[in-house]
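Visitor: the sequence isn't on hand, but the structure is:
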């Protein structure tokens, strides 16, 4: 299905109790009576002034500018590429030339990393990405917002490169601080004070940090106390996906709906992402193609289930896809597929499709509103969140196993040994398991695994660090070595 950027922002993608959200955008009061209480934010005033985010923006600008040239995506992408080339080369064979190149790159980017550290000192970032005083020019805002967030991932990669350089320079205590800074940056985005896009940026940043920690945990420069410090920082995981859904709904969906003049074809077509001319023809037979109140109620119900899903285990998730199928019933698939940002690459609806679509939408109640609600698809988002939790648990186990090995000379025979040794208070639970099972472990092969989204235990025989499949997610306890398969 093709989605508008409203939908992509929701997709590009807790707790059941509303978290503290001072200075966040709130639902227009005129719509509160139609909104499920579970998805409402508090009524404190919305302020765009955010010193923490301003500092981060400054860091981003400093990281990517050359002389007086303003922020550009290309230079940021180049910085990321350089950092990762050096990092990957260093992982394979950290020679003197590679180390010197890494040090030179970090020296050039140090002012930006220092600013990021200062921003990390602020407990919570209240991130604001859109101006919703009126229906936003979403495409224009996104052209500003997305590069900044992409650059944030680049800064985290540089922070991880700094950690590797400090390890190669025999300064493990400084490396531990680098991992902590990367974790703090991700945590700010995951704390529920931003929308879905910011949460996904947090996921991406955290994935970079987790991968680097797992790989570097076996480095001989690390002492048990350094690894314990990193482990302690990971165990503080202030994620709040439920409140992120609330912020997204209040700051994006509802405020957009509130700004729409009922029946105004240009505003409605723009919010859906359809071409205005095509939209006008599609709904010309329907006497009331957009009903604001019904749209609020439908979208509020769907979002309430998304909020609930953020508090439920994977095995008990509400099937939101089935709900959305009911909401968009009667709307031809070729229309749903065509919804998206107007651009030159999107296929135009043919006259025959518009004619048959018009006949179909004539029979659909509130078709424009239902198309808007169709963008509230979060199945991929929910799975990504559970994968994030699995990756966190696996990283904690890898760190604990490395501490155990440094203390005993060998890896644990079973994961419970990590608890007996006082390294972990409990073995992390596999978030994909509905029965509260801990991660699986095969000491002979040196791997731990989660049963994955299909909730079937395949014995941890799948590829290490491959999480794009529905089967087992497997990690090596030594961080990166391939498993020794024993049949």
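Guide: Received, thanks. Keep in mind it's a predicted model, so treat the numbers as computed, not measured. Numbering: from 1, shown residues only.

Visitor: tell me which residues of stretch 35-42 come out buried.
Guide: 35-36, 38-41 (16 or more other Cβ atoms under 10 Å). C-beta here means a position set from N, CA and C on the backbone, and glycine is covered the same way.

Visitor: farthest pair within the residues you listed?
Guide: With Cβ to Cβ as the measure, no two of the buried residues of stretch 35-42 lie farther apart than 36 and 41, at 12.4 Å.

Visitor: next, format the buried residues of stretch 35-42 as TSV and append pLDDT and distance to residue 275.
Guide: Putting the buried residues of stretch 35-42 into TSV (pLDDT from 0 to 100; distance: Cβ to Cβ, whole Å) gives the following:
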residue	pLDDT	distance to residue 275
35	81	30
36	81	32
38	82	35
39	82	31
40	77	34
41	71	33
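
Visitor: can you add distance to residue 471 and secondary structure and give those back as CSV?
Guide: Output for those, formatted as CSV (distance: Cβ to Cβ, whole Å; DSSP: H, G, I helix; E, B strand; the rest coil):
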residue, distance to residue 471, secondary structure
35, 40, coil
36, 36, coil
38, 34, helix
39, 34, helix
40, 39, coil
41, 38, coil
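
Visitor: between these, which is closest to residue 289?
Guide: residue 35 (22.2 Å).

Visitor: is it true that that closest one touches residue 253?
Guide: No. Between residue 35 and residue 253 there is no contact under Cβ atoms under 8 Å: 10.5 Å.

Visitor: under the pLDDT cut-off, which ranges of this protein? List them.
Guide: Across the chain, the ranges flagged by pLDDT under 70 are 1-30, 42-97, 124-151, 259-264, 340-347, 435, 465-470, 480-487.

Visitor: now do the contacts for the nearest residue to residue 217 once chain neighbours are set aside.
Guide: Of all residues not flanking residue 217 in the chain, residue 402 sits nearest, at 4.5 Å (Cβ to Cβ, 6 or more residues apart in numbering). Counting by Cβ atoms under 8 Å, 6 or more residues apart in numbering, residue 402 touches 217-218, 222, 227, 477-479.

Visitor: and if you look at residue 427?
Guide: 397, 415-416, 418-419, 438-439.

Visitor: which of the residues you listed fall in helices?
Guide: Among the contacts of residue 427, the ones falling in helices (DSSP state H) are 397, 416, 418-419.

Visitor: can you pull out the strands in the stretch 351-487 of the chain?
Guide: When secondary structure is read from DSSP state E, counting those that start in this stretch, the stretch 351-487 of the chain shows strands at 440-442, 447-450, 473-476.

Visitor: show residues contacting the shortest one.
Guide: Same thing as strand 440-442. Here strand 440-442 makes contact (Cβ under 8 Å, 6+ apart) with 397, 414-415, 430, 447-451, 457, 460, 477.

Visitor: who's in contact with residue 436?
Guide: Applying Cβ under 8 Å, 6+ apart, the residues near residue 436 are residue 429.

Visitor: just to check, residue 170 is in contact with residue 220?
Guide: No. Judged on Cβ under 8 Å, residue 170 makes no contact with residue 220 at a distance of 9.5 Å.

Visitor: which residues does residue 324 contact?
Guide: Residue 324 neighbours (Cβ under 8 Å, 6+ apart): 302, 373-374, 376-377.

Visitor: quick one: it is in a helix?
Guide: Yes. According to DSSP: H, G, I helix; E, B strand; the rest coil, residue 324 belongs to a helix.

Visitor: and the gap between residue 99 and residue 105?
Guide: 11 Å (Cβ to Cβ, to the nearest Å).

Visitor: so the two - more neighbours on which side?
Guide: Between residue 99 and residue 105, counted using other Cβ atoms under 10 Å, the more crowded position is residue 105 (20 against 17).

Visitor: now name the helix or strand holding the more buried one.
Guide: In this assignment (DSSP states H and E), residue 105 forms part of helix 96-120.

Visitor: can you tell me the SS state at residue 298?
Guide: Secondary structure, three-state DSSP: residue 298 is helix.

Visitor: figure out the length between the terminal residues of stretch 339-354.
Guide: 13 Å (Cα to Cα, to the nearest Å).

Visitor: gap between the spatially most central residue of the chain and residue 363?
Guide: Of all residues in the chain, the one closest to the mean position by Cα atoms, centre = their mean is residue 200, 1.6 Å from it. Distance of residue 200 to residue 363, computed by Cβ to Cβ: 37 Å.

Visitor: who wins for most neighbours among the contacts of residue 402?
Guide: Highest neighbour count within the contacts of residue 402, by other Cβ under 10 Å: residue 477, with 28 neighbours.

Visitor: quick check: the gap between it and residue 394.
Guide: Distance of residue 477 to residue 394, computed by Cβ to Cβ: 9 Å.

Visitor: what's the overlap in contacts for those two?
Guide: With Cβ under 8 Å, 6+ apart as the test, residue 477 and residue 394 both reach residue 448.

Visitor: ok, now which ones touch the residue of the chain positioned farthest from its centre?
Guide: Computed with Cα atoms, centre = their mean, the residue of the chain farthest from its C-alpha average is residue 285, at 40.6 Å. Residue 285 sits next to 358-359, 361-362 when contact means Cβ under 8 Å, 6+ apart.

Visitor: again, only this time at 7 Å
Guide: Each residue near residue 285 by Cβ atoms under 7 Å, 6 or more residues apart in numbering is listed here: 358-359, 362.

Visitor: all helices for the stretch 101-250 of the chain, in order.
Guide: 138-168, 172-190, 196-216, 224-234, 241-248 (DSSP state H, counting those that start in this stretch).

Visitor: and the ones you listed, which is most packed in?
Guide: Sort the helices of the stretch 101-250 of the chain by mean neighbour count, taking mean count of other Cβ atoms under 10 Å, and helix 241-248 sits at the top with a mean of 28.

Visitor: that's all I had, so thanks and see you.
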